[in-house]
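Participant: Sequence and predicted structure, then a few things I'm wondering about:
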Amino acid sequence: EAGVVQSPRYKIIEKKQPVAFWCNPISGHNTLYWYLQNLGQGPELLIRYENEEAVDDSQLPKDRFSAERLKGVDSTLKIQPAELGDSAVYLCASSQNKEGTQYFGPGTRLLVL
Amino acid sequence: AQSVTQLGSHVSVSEGALVLLRCNYSSSVPPYLFWYVQYPNQGLQLLLKYTTGATLVKGINGFEAEFKKSETSFHLTKPSAHMSDAAEYFCAVSDPFGKSTFGDGTTLTVKP
């Protein structure tokens, strides 16, 4: 069974540029999470989806971040414009439902110059 | 509100020695508790989890953890460390609604 797939794995951009990350969850998993992981810290939830509905986006900086999960499968996280402080690893995870075990992708490492 | 505190950002042990990684949590509802391991440039992998029932939980790679409600702890142990155990370990607490909070992690170094 394929795991959670994320792309790109690495991204380097200049500040004020836009960037997008893509996540393909495990087949059949209804719940999808986007996390931000800063160096030396644990993951912090940005947004959680139940199917195509964002049920928890309280920690998503909505002035520059947006996300979508069309058709309740793949998801895209966008930053526009990127700032230096956005340099971090962006992790995607999925689970069968909100009580289920979360399976993590390898993450996208973003560097903003 | 819920939170996780991992005591010790770095732990170093000799190969074959006991591994003990400490985790304390706070939660206003009965918690679900997790330990994850993260190898460099990889995502988090579940080691073990506690939801209900037996308080001593066994996981993969010989790890286990014990849920102690009175101490609000969920410490991770392994009787004998192996070089391949060197990684970063995260404790997490989740509420029944699916909201998870992670600790800041403990880096485990295993000396030969």
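Facilitator: Nice, I can see it. Numbers count the residues shown, from 1 in each chain, chains lettered A, B, ... in the order given.
Participant: got the contact list for residue 109?
Facilitator: Looking at chain A here, since you left the chain open. For residue A:109, the contacting residues are A:9-11, A:88-89, B:41, by C-beta atoms under 8 Å, 6 or more residues apart in numbering or on different chains. Bear in mind the C-beta positions are built from the backbone N, C-alpha and C, glycine included.
Participant: Wait, chain B was what I had in mind.
Facilitator: Contacts were defined as C-beta under 8 Å, 6+ apart; by that measure residue B:109 touches B:10-13, B:86.
Participant: Where strands are concerned, which of those residues count?
Facilitator: In strands, defined here by DSSP state E, the members of the contacts of residue B:109 are B:10-13.
Participant: Pick out whichever of those sits closest to residue B:51.
Facilitator: Proximity of those to residue B:51, judged by C-beta to C-beta, is greatest for residue B:11, which lies at 26.2 Å.
Participant: and that closest one, what are its bridge partners?
Facilitator: With DSSP bridges applied, the residues forming beta bridges to residue B:11 are residue B:108.
Participant: Might one say that it is in contact with residue B:21?
Facilitator: Yes. Using C-beta atoms under 8 Å, residue B:11 and residue B:21 qualify as a contacting pair, with a distance of 6.2 Å.
Participant: shared neighbours of these two, which are they?
Facilitator: Common contact partners of residue B:11 and residue B:21 (C-beta under 8 Å, 6+ apart): B:106, B:108.
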